[in-house]
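> Could you work out the structure for the sequence below:
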Amino acid sequence: MEKALLIVESPAKARTIQKFLGKEFQIKASMGHIRDLPVKRFGVKIEDDFAPQYQIPSDKKKIARELAESAKDSQTVYIATDEDREGEAIGWHLLAAAKIDKEKVKRIVFHEITRTAIEEALKSPRGIDMNLVNAQQARRILDRLVGYKISPILGKKVRRGLSAGRVQSVALRLIVDREREIEQFNPQEYWTIEAELKTEKGETFLAKLVARGEKKYDKLDIATKKEAESIAADLKDKEYRVKAIDKKEKKRYPFPPFTTSTLSQTASSRLGFSPRKTLFIAQQLYEGIELGEEGSTGLITYMRTDSVNIAATARDEARKLIKESYGSDYIPPKPNLYKTKTKGAQEAHEAIRPTAAARKPERLKDFLTPEQFKLYSLIWSRFLASQMSPAVLDTINVDISVGDYLLRAAGQSLKFAGFLKVYEQEIKETLIPEVKENEILELLKVIPEQHFTDPPPRYTEATLIKTLEKYGIGRPSTYAPTISTILARGYVRLEKRMFFPEDIGAVVNGLLVKYFPEIVDIEFTARLEDGLDEIASGKREWVPLLSDFYRDFEKDLEVANEKMENLKPPPIPTNEICEKCGAGMVIKEGRWGKFLACSAFPECKNAKSLPTGLTCPECGSELILRYSKKRRSQFYGCSNYPECKYTRKIEKNRHKGTEAQRHKGIGVAIEEKEQP
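Alright, predicted model coming up:
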């Protein structure tokens, strides 16, 4: 019997696929990336056509050896990593890391982890697509060039630990620019005028002033209280006659099924999930959930996609379920087809949908965590709704003449739920009493109301992703890490689900705009994405794209190194003496805030936390600031550690910073977590 090795990225995915394949298949997981650019050095030979110096991380060397051994014993090796560019590159790296004979390698891809999808993929294998690999290599090297070349300049001129990134810097600029718009916004006063009217049958309703003679009133046309009161006075003691009644049906069509972007946006607004959390849970649903006797089962299709395509079999299954569950009226005569508007979308992919429409969320509730259940329900209802009939609204417009003025009352009510039966949305129903043409209405009162224009809204995670997608910046796999990075760097903070730039974020953005204008330019970044798409489709070579980029970038680096302002605060002397060398201690500011350091640095590298003025309740020693793993959060710990292991959470105030940061005199600089 021929032995075959099939390599996927995760153990969960391997478990789900194993149950579809016989004993002749051995399923192994690479545990994600098995080879990458080095972590602690640049790793790109610019002078040698940007040759990347890939290496296998120490924690992946054992996996590489095991895969190599399994590959030697197999007649065929199937590379079944994810179907996007990153997955293609991971597959290519696997061949090199595990030294797999290319002659025995077959590449397979699938949109969902089901028996049918796996069997179909095995029938139509291909080779590694080097166009996709090179597009991913180019993206990786571009990001490495920007990060490794700009970040040291920021560290030298502003503060250690700062970074710049090709997509993250554009996202930061959007947030900072929006904050400036809000700060500079000058609200404009305007007025609206409504009349409360009574019909002959005694029912009341409101009508709004919309025109006078041939002039239609725009939003800001009535600009002052004086104008509003003058018109209101003119509307009194006049006849109010129904001039025209316009009744019609209005259809509201269903949304397309989810892409990565729209799922992230909707999960943020409806469920309060961050993009990273959404993708993490979606990955679990895609790779497989234990469903009792069914075993590990993939519940949704691949979650990194920018396409709204749906397989014909999935549409047919959805239409059958809709008819059985809701009736024939809820199925459109022809299946609903959608075309993506996303720039550079890969139409060969599918949208995010359940692998089986018949798996209703309630059936799976006992097998899913509450968060998995919420996200699966959202994906299932959006998909099913996308194949349903439109909702139908009854609308009515009643025009009322008052001399040469025209008022209008608008109402609507839901006539047929259509897709809203499954994918709920708030419909504001406004009922207008029954009136007839030429009916004379009684004026009860005229209501002038003052308003002011609002500044543009701050970005939320959902609207930031929508804007990045609109301009073609980044791709489905980059939205979540981009947002996580600018939060982790302390450049922005989330408050009531809105982004606010921190002072350090504004400073970094200002320097990038001044010295690296192309890096933070929306159009330039979008053009780079177009170039990467051209590499993926075989229309462009990857090395020339990098050369074109680096030619101007190198000049900007030289200017920034020479002319960028030094904004790093000078060390502040203190009365404290270094216990290691006897020199004076000074206050410095680093990546994690202010700290005490020896003034004899670099000869003496003694450094410690600033005094907090707090006492350990268990042993009486001073409490100092400590950091959790990966230094993502702070907490108080006893300076007498490890003899005393007392710790305490840091109280937070989002407006004034943490308790520790307030007595250190700095603002919120890191995202606070719970005490470890």
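
> And the residue of the chain positioned farthest from its centre, how close does it get to residue 47?
Most distant from the centre of the chain: residue 237, at 56.2 Å, with distances by Cα atoms, centre = their mean. In this view, residue 237 and residue 47 are 87 Å apart by Cβ to Cβ, to the nearest Å. C-betas here are computed from N, CA, C, even on glycine.

> Residue 448 now?
With Cβ to Cβ as the criterion, residue 448 and residue 47 are 72 Å apart.

> quick one: which of these two has more around it?
The neighbour comparison of residue 448 against residue 47 (other Cβ atoms under 10 Å) goes to residue 448, with 19 against 7.

> residues in contact with residue 167?
By Cβ atoms under 8 Å, 6 or more residues apart in numbering, the contact list for residue 167 reads 143, 468, 473-474, 478, 482, 525.

> Max pairwise distance over those: which two?
Pairwise distances across the contacts of residue 167 peak at 15.3 Å for 143 and 468 (criterion: Cβ to Cβ).

> Between those two, which is the more surrounded one?
Under the criterion of other Cβ under 10 Å, the comparison of residue 143 against residue 468 puts residue 468 first, with 25 against 16.

> A helix includes that one, no?
Yes. Assignment of residue 468 by DSSP: H, G, I helix; E, B strand; the rest coil places it within a helix.

> Next, work out how far apart it and residue 517 are.
From residue 468 across to residue 517, the span is 19 Å (Cβ to Cβ).

> With residue 65 instead?
Taken as Cβ to Cβ, the span from residue 65 to residue 517 is 47 Å.

> Pull the residues that contact stretch 217-233.
By Cβ under 8 Å, 6+ apart, stretch 217-233 touches 188-193, 209-211, 405, 446, 448, 450, 453.

> Select only the buried ones of those in PyMOL?
Command for PyMOL that selects the buried part of these, burial taken from 16 or more other Cβ atoms under 10 Å:
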select buried, resi 190+191+193+209+405+446+448
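
> all strands of the stretch 301-450 of the chain, in order?
Along the stretch 301-450 of the chain, counting by DSSP state E, counting those that start in this stretch, strands occupy 391-402, 405-416, 440-452.

> buried stuff in stretch 245-263?
By neighbour count with 16+ other Cβ under 10 Å, stretch 245-263 contains the buried residues 245, 254, 256-263.

> low pLDDT regions in the stretch 451-600 of the chain?
The stretch 451-600 of the chain contains residues with pLDDT under 70 at 591-593.

> Now do the helices in it.
Here the stretch 451-600 of the chain has its helices, by DSSP state H, counting those that start in this stretch, at 461-470, 479-488, 503-515, 522-536, 542-563.

> just checking, what packs against the helix or strand that contains residue 265?
Here residue 265 is covered by helix 260-266, with elements defined by DSSP states H and E. Applying 3 or more Cβ pairs under 8 Å, 6 or more residues apart in numbering; DSSP states H and E, one finds that helix 260-266 contacts helix 275-287, helix 370-386, helix 461-470, helix 479-488.

> how far off helix 479-488 does the third one point, in degrees?
The reference is to helix 461-470. Helix 461-470 and helix 479-488 meet at an angle of 120 degrees, taking axes from the mean of the first three to the mean of the last three Cα atoms, to 10 degrees as the criterion.

> Please point out which parts of helix 461-470 sit buried.
Quick answer for helix 461-470 (16+ other Cβ under 10 Å): 461-469.

> ok, residue 295 to residue 403 distance?
For residue 295, the distance to residue 403 (Cβ to Cβ) stands at 76 Å.
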